[in-house]
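[1] show me the folded form of this:
(chains A, B and C)
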Amino acid sequence: MLLISWACKAPESTETAAPARKIITAGGTITEVVDALGFSDQIIATDITSTYPATMQTLPSIGYRNQIKAEGILALGPDLVLIEENYLTPDVVDQLKAAKANIQVFKKPTTVEGTKTLVNEIATFFEVPEKANEINTALDADLAELDTYLKSQESRPKAIFVMARGPETVFVAGDKTFATEIFKMANLEGTATGFDEFAPLTPESLVQMNPEYLVFFESGIQSLGGKEGLVKIQGIDQTIAYKEGHIVALDGQYLSGFGPRVGKAALDLAKATRQ
Amino acid sequence: MLKASKVHFCIRQRPIVDEVSLELNPGEILAVLGPNGAGKSTFFKILSGDIECKHGAIGYNGHDIYTLKSRELAEVRAVMPQHTQVNFPFTVQEVVELGLISTKAKDPSKLIREVLEATNTTHLKDQVFNTLSGGEKQRVQLARVLVQIWETKPFPRYLLLDEPTSSLDIAQQHAVLKILETLKTRNIGILVILHELNLAAQYADKIALLKNGMIAKTGTVEDVLEEEILAHVFDHPIHLIPNPATGGVFVSSAASSHPNIQTFKQA
Amino acid sequence: MISTLSYTKTQSQNLILLGFGLVLGLVLLMSLSMGAFSIPFPQTLAILFDQVGMSLGTFEMQQENVLLQIRMPRVLMAILVGGGLGIAGAALQGMFRNPLVEPGLIGVSSGSALFAVIFMVLVPVTASLAWIKPIGLPLFAFVGGLINVLAVYKLSKSRGRTDAATLILAGVAINALAGALIGLVLFFADDSALRSFTFWSLGDLGGATWRKIPVSLVLIAIPSALLLFNSRQLNALALGEQEAFHMGVNVQRVKLQLLVFSALIVGAGVSMVGMIGFVGLVVPHLIRILFGADHRLVLPGSFLLGAILLNFADLIARVIVIPAEMPIGVITALIGAPFFIWLIFNLNKSKN
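    Numbering: from 1, shown residues only, chains lettered A, B, ... in the order given. Purely as a prediction, here's the structure:
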């Protein structure tokens, strides 16, 4: 219904009732879900954080976060713009709405429940609810596997997540971050607590936390110059994690996106911190 | 009449202007003389309204100065500053026009033409003010100040000048004072602080001598210019010599007088 | 200097302003027809004429939407902010009797930005308070700009005059303080609605929507018009505050008006689009160099030229790295800083 009413809306359109849609997505998780539902071949452009599937990076880019401009999106001629809540500046969203762009906003998941909800919402929007069930069922299977694994493990390693954008910009994730949630899923004890959001990592606090495992994004490790460059972080050589070589690096979108692969990500994390 | 009555102004308990009373009538030039630190400038600023003084009274044509708004005050007195810095590229014409800003003149272009002529600056009309020489700038400022009170009105106006000749050469000094002389017929009273005693002797009608904030003597030029009072005020021997060129006196501050030249001594 | 042989002064001034108005119209048209979203020029004209009821051809709905909903408010915002910065710069230069003054240099912009950021942190965006934000934000920013400029003014006064060197130094100090505080607030507050540090320090017209136009109109256009009424007084002030008083100007009242209106304009502008520098410095100068120092021309001329300049700079910002955008503060700095250097060089030359 929606599809047909769309096709009739465009006044100069010469396309038939089931057109090849032109979708632009903004937000890595949105892109992942759209892909999981089987519509990624209709995506014509996306933002910088949409790194999965890898083919997305070959598409034209609309930019990053609040640097994205309304005209830039509209210039690509999308029929549908799917965005993560609070990803674009509110003014740009207003402009897109004022320009009568077909724009849908979705909440970014911060928990597994959120993931399932997002999958359901987008699937409903695309009118493929049965696919949502498939995805969520697969997710449950991943979670079951995770559960089994964790039950076989006695340890509960101490870990912290470090966000690095070059050696001068190093932050540690505290409470109410994605790290809190994913650590919980992987049954890790996060020792960076007592503060919310991200805080700059100081040498003293690093030694104080003394994690057994240091978790990074792959891009973060790269920005420090690889594992050899980690020593640039002051105080890191005093930690158990560094001394034992317990450095875990995972893809950013994979680890923090809370997309359909979150179960697998949690399992990978759990395994990587128990070697 | 511009009347100052018992004006008293202290800074940190020290009287800078000490119970000074003065009268200026239209049609006369009153020169205020005195050594440095005598309080001339401070008194001047009180008269012009720049400094507020709580002791004593200043009256312009019977109105207390502090009851007048700045616009009303501008209609009755104009002030010629010692120095003016103009940081923008105004033309001479534009600078002179500013004098009319608070007055509703009936024929402004006529007034401007006349003051430019009176100050001999008509040929400079379209030049940028900052490109003029010191003397030319002074005359243009005078034109601006004059145009403020140039239009004939039924009440007297007053022109206050603080050392208008200090940075001018001889010819320019006399040129300015001659212009001031012509103002006497326009129902304008002129009060001018002068440094050069002989200019006062030549052009003033009345003189007020100030020393240490107090009036040492006021009166006509003949009354005030006498050797003993001048020597007292200026802390230096003064000799008065008849000036054949003007018919008045020539004030000399040489250490001793030539024996062959007749001098005036106090009786 | 333009000679005024056959026209009176007012007539030639009006002609010049008319000329600027025409140039502004042309620049407007150019700005509306270019951007990341490609609209052929005939369609641009067709859409514009359609608004006044004349049919000039067909166009697509999306073209109309982009032109009228995204570009038009942006261009209007550029006119208001650019014009406001121009006229406020001219007024402040006149008030401080110093051609090196501009809102950015003397701390009005950074003070406005600081208070804007504080307001956004303190006032939560709840439904019941949503109406406060569009008016409250620019007004609070105005308070910040006013406080800053008063601080700079007090710091730079010595013996009744504003010494140029102290003025610049005071501006540098206050700017540094405000900038640091902005960074501090942004660092601790975690709210994407606060916008980034580059938004505040380099400016961005990309967030212009029709909703922001009415407030901007009131808080920028009206004080700008009120500034125009002080043109002759500014001329008098140029001779010195004492001289202006001698000539009958109510100096305190004029200074207050100049400060308040300028701070209001800059505060509103900064709260909408961040700090954009050099417009308030360059524009009044160009007017003076070309047409003389009479504020009756310099003030309105600065508004028009500021509107032209900012529109032009925004156009460059929008098309030079499509589909991304260059921060507009970079463009105005690239134009303005060399001009500033040339100014200082010339001032020194004329002193020697």
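[2] ok, now which ones touch B:Met80?
    If you count contacts by CB atoms under 8 Å, 6 or more residues apart in numbering or on different chains, B:Met80 has them with B:141-142, B:145, B:159-162, B:164. C-beta here means a position set from N, CA and C on the backbone, and glycine is covered the same way.
[3] what about A:Gln153, which SS state?
    coil (DSSP: H, G, I helix; E, B strand; the rest coil).
[4] isn't it right next to A:Lys271, touching?
    No - judged on CB atoms under 8 Å, A:Gln153 makes no contact with A:Lys271 at a distance of 9.1 Å.
[5] could you check how far A:Ile240 is from chain C?
    Here A:Ile240 is placed at a distance of 30 Å from chain C (CB to the nearest CB, to the nearest Å).
[6] do A:Gly77 as well
    According to CB to the nearest CB, A:Gly77 stands 8 Å off from chain C.
[7] neighbours around the closest residue to chain B within chain C, how many?
    Nearest to chain B, among the residues of chain C, is C:Gly248, at 2.7 Å (CB to the nearest CB). Burial measure for C:Gly248: 24 neighbouring residues, criterion other CB atoms under 10 Å in any protein chain shown.
[8] spatially nearest residue to residue 216, not counting backbone neighbours?
    This is for chain A. In this structure, A:Phe216 finds its nearest non-sequential neighbour in A:Ala249, 4.8 Å apart by CB to CB, 6 or more residues apart in numbering or on different chains.
[9] should've been chain B
    The shortest distance from B:Ala216 to any non-neighbouring residue, by CB to CB, 6+ apart, is to B:Leu209 (4.2 Å).
[10] the residue of the stretch 51-200 of chain B found nearest chain A: what's it in contact with?
    As assessed by CB to the nearest CB, chain A sits closest to B:Phe88 within the stretch 51-200 of chain B, at 39.8 Å. Counting by CB under 8 Å, 6+ apart, B:Phe88 makes contact with C:94, C:99, C:238, C:288, C:293.
[11] phi, psi of it?
    Note on B:Phe88: backbone dihedrals following degrees, to the nearest 10 are phi -120, psi 150.
[12] could you chop the chain up by domain?
    No chain was given, so I picked chain A. Domain segmentation of chain A under automatic domain parsing yields A:2-132, A:158-272.
[13] that's the wrong chain, I wanted chain B
    Taken from automatic domain parsing, chain B resolves into B:2-225, B:236-267.
[14] where does chain C have low pLDDT?
    Confidence mapping of chain C against pLDDT under 70 gives the ranges C:1-7, C:124-131, C:158-164, C:190-195, C:350-352.
[15] that one against chain B: which residues are in contact?
    Listed as neighbours of chain B in chain C under the rule CB under 8 Å from any CB of the partner chain: C:1, C:3, C:94, C:97-99, C:232-233, C:235-236, C:238-240, C:242-243, C:245-251, C:288, C:292-294.
[16] give me the buried subset of those.
    Neighbour-count burial within the residues of chain C next to chain B applies to C:94, C:97-99, C:232-233, C:235-236, C:238-240, C:242-243, C:245-251, C:288, C:292-294; the criterion is 16 or more other CB atoms under 10 Å in any protein chain shown.
[17] in strands, which of these fall?
    When DSSP state E is applied, these are split such that none fall in strands.
[18] now do the strands in chain A.
    Using DSSP E, the strands found in chain A span residues A:23-26, A:43-46, A:80-84, A:103-106, A:158-164, A:170-173, A:189-190, A:198-200, A:213-217, A:247-250.
[19] of those, flag the one that's most buried.
    Comparing the strands of chain A by mean neighbour count (mean count of other CB atoms under 10 Å in any protein chain shown), strand A:23-26 comes out on top with a mean of 26.
[20] centre of the chain to that strand, how far?
    15 Å (CA atoms, centre = their mean, to the nearest Å).
[21] pull up the pairing partners for that strand, direction included.
    strand A:43-46 (parallel), strand A:80-84 (parallel) (DSSP bridges).
[22] name the residues that touch the shortest one?
    To tie it back to what came earlier, the one meant is strand A:43-46. With CB under 8 Å, 6+ apart, strand A:43-46 has contacts from A:22-26, A:31, A:34-35, A:56, A:59-62, A:73, A:76-78.
[23] how close does the nearest residue to A:Ala138 once chain neighbours are set aside get to A:Asn136?
    In space, A:Ala138 comes closest to A:Pro260 once its chain neighbours are excluded; the distance is 7.3 Å by CB to CB, 6+ apart. Relative to A:Asn136, A:Pro260 is positioned 8 Å away (CB to CB, to the nearest Å).
[24] between those two, who's got more neighbours?
    Counted by other CB under 10 Å, A:Pro260 and A:Asn136 do not tie: A:Pro260 has more neighbours, with 24 against 18.
[25] kindly confirm my reading that B:Lys3 is in a strand.
    Yes - under three-state DSSP, B:Lys3 falls within a strand.
[26] give me the distance between it and B:Asn25.
    According to CB to CB, B:Lys3 and B:Asn25 sit 10 Å apart.
[27] same question, C:Lys212
    Separation of C:Lys212 from B:Asn25 (CB to CB) stands at 64 Å.
[28] look at those two and report which has more neighbours.
    Comparing C:Lys212 with B:Asn25 by other CB under 10 Å, the one with more neighbours is C:Lys212, at 23 against 14.
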